[in-house]
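Asks: Quick one, what's the 3D model for this:
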Amino acid sequence: MIKILRSLSTSLLFGLSLGFVACSGAKPVDPPPPPPNPVTGVWLIKSSMSMVVGQTETLMAIILPDSPPNEKITWESDNPDVATLDNSGFVQPSSGIVTAVAVGSATITVKTDYINPSNGQPFTATCAVTVTTPPEWTITPEADVYVVGDHNMVMKNGKIIHRLEKGGVPMYANSVFVYGEDVYVAGHKRNDYAQIAALWKNGELQNLELVNPDNEDYVSSAASVFVYDGNVYVAGYEALPSPEYKETVLIRVATLWINDVPTRLPNEGMYGTEAKSVFVSDGDVYVGGYNGWYEHDGIVWKNGEILRRYNYFDWNTGPGRYTTVYSVFVSNGDVYAATSDWAGFGFSRAILWKNDEPQLLGLDCVALGVFVEGDDVYVVGNQVVGYQKDEQIALLWKNGVKQRLTDGEPDAWVKDVFVLNNNVYVAGVLTKSMGNYNMAEAALWVNGEAISLEPYGFSYGQQANSVYVVSRAE
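Replies: Residues are numbered from 1 along each chain as shown. Model prediction:
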């Protein structure tokens, strides 16, 4: 009996084992269903654009509903003789620069590698581009007017004459100077991680010597350019290791490049310095800027040495802090410096210095540019007004007398001034109401009259930073 029971138990266990194996192998587990298509479409921020020859615009594509980590996008222009698209300078392929080449029409198409299940074709979106010639420039028949701003173009008499660099690399032009037939522009460009000082001559990037532009913490900029006797002077700054903290901290160091070779301007403190403006008179080189981060002084250097410190005080408005020389001009041996500071009682001040003599131009103001012609001294800047100081107006002072270029609605601000034959040219920004928000619009004021530069190739959102004027040859 015991043997029979053992035999039955063994048979039962063996049968159960076979049954389990048979059941397990009879119906394999189904693989999980494929994930749903993560893309439902692609959208361009603009479906149409009107441009003038030479103008550039940034076009951006958005993959819906959420851009995947690895965007798969290609761009195409059906008429590259009229409009091209280049996105080589962008880290992500979803943005590109459209350049208007010639009068006509073109369609820019963006295509993804993601398939639309409804038709089996890739998702696409298009933008219709219409290119026209800019309006005729009749504003300054007696002079050639050059304007640059935070874009990659140089404008002369309403036409774009130079592209600073092609591709999607952002460019910022801070200063323009004309010497003979050559046009020099100082500013900076950006790569994947750094801001880098730059100089262009007739649209071609020059070779400013830089310490370590490949360092991801590196930053530099060129604020001003001046050409004298064939030598090119560029004022700006580079971020260099702090003398106190060595390699662990980078501080801004005021730098003057002479024919691309850098000279470090003296700094009496351990904090950073910046050079904002350069002017050459009778072979002497003057540079304006500031010295130090903490409650710093305005500085003018002459031939590489500190000539003068600026720190304004009066009993009505108190001591000054954070003084910066934004513009320097030399005439008949006198040094003029347009400065701004933060007063001890909590407001900004615009101050013009002639040598050691200060002139308070206004409160809640900044002074950004100075120009001297004959006995007349011109300064441009801005003032905040309104109950909450939330409106900004553009100002011009002539011999200390304030003139409003705008009334504060909408906002406007100016950055540079040039005077030729008693005609006053001012570069800056108007803002234009566009529904629920205001959009910046590059502008040029000629003898107080504002001219929008948008019809001539400046895009909305850009500003005019510098103007240079040359008498037109007969």
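Asks: got the contact list for the spatially closest residue to Ser47 that is not a sequence neighbour?
Replies: Taking C-beta to C-beta, 6 or more residues apart in numbering as the measure, Ser47 lies nearest to Cys127, with 5.8 Å between them; neighbours along the chain are not counted. Any C-beta I mention is one placed from the backbone N, CA and C, and that applies to glycine too. Contacts of Cys127 were listed using C-beta atoms under 8 Å, 6 or more residues apart in numbering, and they are 44, 46-49, 59, 98, 107-108.
Asks: 6 Å instead, please
Replies: Contact partners of Cys127, counting by C-beta atoms under 6 Å, 6 or more residues apart in numbering, are 44, 46-47, 108.
Asks: likewise Gln462?
Replies: Gln462 is in contact with 149-151, 442, counting by C-beta under 6 Å, 6+ apart.
Asks: picking up where we left off before, can you give the strand pairings for the helix or strand that contains the residue nearest to Ser47, parallel or anti for each?
Replies: In the assignment (DSSP states H and E), Cys127 maps to strand 121-132. Taking DSSP bridges as the criterion, strand 121-132 sits next to strand 48-52 (parallel), strand 104-116 (antiparallel) in its sheet.
Asks: nearest residue to Val145 other than its sequence neighbours?
Replies: Take Val145 and drop its neighbours on the chain: the residue closest to it by C-beta to C-beta, 6+ apart is Val469, 5.3 Å away.
Asks: Pull the distance from the host helix or strand of that neighbour to the chain's centre.
Replies: According to DSSP H and E, Val469 maps onto strand 464-471. Taking the mean C-alpha point of strand 464-471 and that of its whole chain, the gap between them comes to 18 Å (C-alpha atoms, centre = their mean, to the nearest Å).
Asks: quick one: buried residues of it?
Replies: Residues of strand 464-471 classed as buried under the neighbour-count rule (16 or more other C-beta atoms under 10 Å) are 464-470.
Asks: List the contacts of that strand.
Replies: With C-beta under 6 Å, 6+ apart as the contact definition, strand 464-471 has outside contacts at 143-149, 174-178, 415-416, 418, 420, 425, 427-428, 442.
Asks: quick one: contacts for Gly428?
Replies: For Gly428, the set of contacting residues under the criterion of C-beta under 6 Å, 6+ apart consists of 394, 413-415, 443, 464.
Asks: Of those residues, which is the nearest to Gly333?
Replies: Of all the contacts of Gly428, the one sitting nearest Gly333 is Lys415; the distance, using C-beta to C-beta, is 26.8 Å.
Asks: these two touch, right, that closest one and Val370?
Replies: No - under the criterion of C-beta atoms under 6 Å, Lys415 makes no contact with Val370, lying 11.9 Å away.
Asks: next SSE after the host helix or strand of Ala350?
Replies: If you go by DSSP H and E, Ala350 is part of strand 348-354. Following the chain from strand 348-354 toward its C-terminal end, the next helix or strand by DSSP H and E is strand 357-363.
Asks: Buried residues in that following strand, which are they?
Replies: Neighbour-count burial for strand 357-363 flags 358-362 (criterion: 16+ other C-beta under 10 Å).
Asks: Give me the next element, helix or strand, following that strand.
Replies: Elements were assigned by DSSP H and E; along the chain past strand 357-363, the next helix or strand is strand 365-373.
Asks: orientation of the strand holding Ala350 relative to strand 357-363 in degrees?
Replies: Here strand 348-354 runs at an angle of 150 degrees relative to strand 357-363 (axes from the mean of the first three to the mean of the last three C-alpha atoms, to 10 degrees).
Asks: ok, strand 348-354: who's next to it in the sheet?
Replies: Using DSSP bridges, the strands paired with strand 348-354 are strand 334-343 (antiparallel), strand 357-363 (antiparallel).
Asks: May I have it as PDB, with CA atoms only?
Replies: The C-alpha trace of strand 348-354 is given here as PDB (Å, rounded to 0.1, in the frame of the first residue of the first chain):
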ATOM      1  CA  SER A 348      19.600 108.100 -10.700                       C
ATOM      2  CA  ARG A 349      21.300 111.200 -11.900                       C
ATOM      3  CA  ALA A 350      22.500 112.300 -15.300                       C
ATOM      4  CA  ILE A 351      25.700 114.300 -15.000                       C
ATOM      5  CA  LEU A 352      27.900 115.900 -17.700                       C
ATOM      6  CA  TRP A 353      31.500 116.600 -16.800                       C
ATOM      7  CA  LYS A 354      33.800 119.000 -18.500                       C
END
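Asks: Show me which residues of it are buried.
Replies: Residues of strand 348-354 classed as buried under the neighbour-count rule (16+ other C-beta under 10 Å) are 348-353.
Asks: Let me see the contact set for Val287.
Replies: Contacts were defined as C-beta under 6 Å, 6+ apart; by that measure Val287 touches 235, 256, 275, 278, 301.
Asks: What is the three-state secondary structure of it?
Replies: In terms of secondary structure, Val287 is strand; the call rests on DSSP: H, G, I helix; E, B strand; the rest coil.
Asks: roughly how far apart are it and Ala61?
Replies: Here the criterion is C-beta to C-beta, to the nearest Å. By it, Val287 lies 44 Å from Ala61.
Asks: ditto for Arg252
Replies: In this structure, Arg252 lies at 37 Å from Ala61, with C-beta to C-beta as the measure.
Asks: Ranking by neighbours, what's the top pick from the contacts of Val287?
Replies: For the contacts of Val287, counting by other C-beta atoms under 10 Å, the largest number of neighbours falls to Ala235: 31 neighbours.
Asks: Report the beta-bridge partner residues of it.
Replies: Beta-bridge partners for Ala235, by DSSP bridges, are Ser224, Leu256.
Asks: for Gly187, same thing?
Replies: Following DSSP bridges, Gly187 is listed with bridge partners Ala173, Ala198.
Asks: what's near enough to touch it?
Replies: Under the criterion of C-beta under 6 Å, 6+ apart, the contact list for Gly187 reads 172-174, 198, 222.
Asks: that older thread, please render the buried residues of strand 464-471 as CSV that adds pLDDT and distance to Leu405 to the earlier fields.
Replies: Conversion of those to CSV gives the following (pLDDT from 0 to 100; distance: C-beta to C-beta, whole Å):
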residue, pLDDT, distance to Leu405
Ala464, 93, 13
Asn465, 95, 16
Ser466, 97, 17
Val467, 97, 14
Tyr468, 97, 19
Val469, 96, 17
Val470, 95, 23
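Asks: Could you dump the residues you listed into a markdown table and include distance to Glu305?
Replies: Rendered in a markdown table, the data for the buried residues of strand 464-471 read as follows (distance: C-beta to C-beta, whole Å):
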| residue | distance to Glu305 |
| --- | --- |
| Ala464 | 34 |
| Asn465 | 29 |
| Ser466 | 27 |
| Val467 | 31 |
| Tyr468 | 28 |
| Val469 | 32 |
| Val470 | 32 |
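Asks: Thank you, goodbye.
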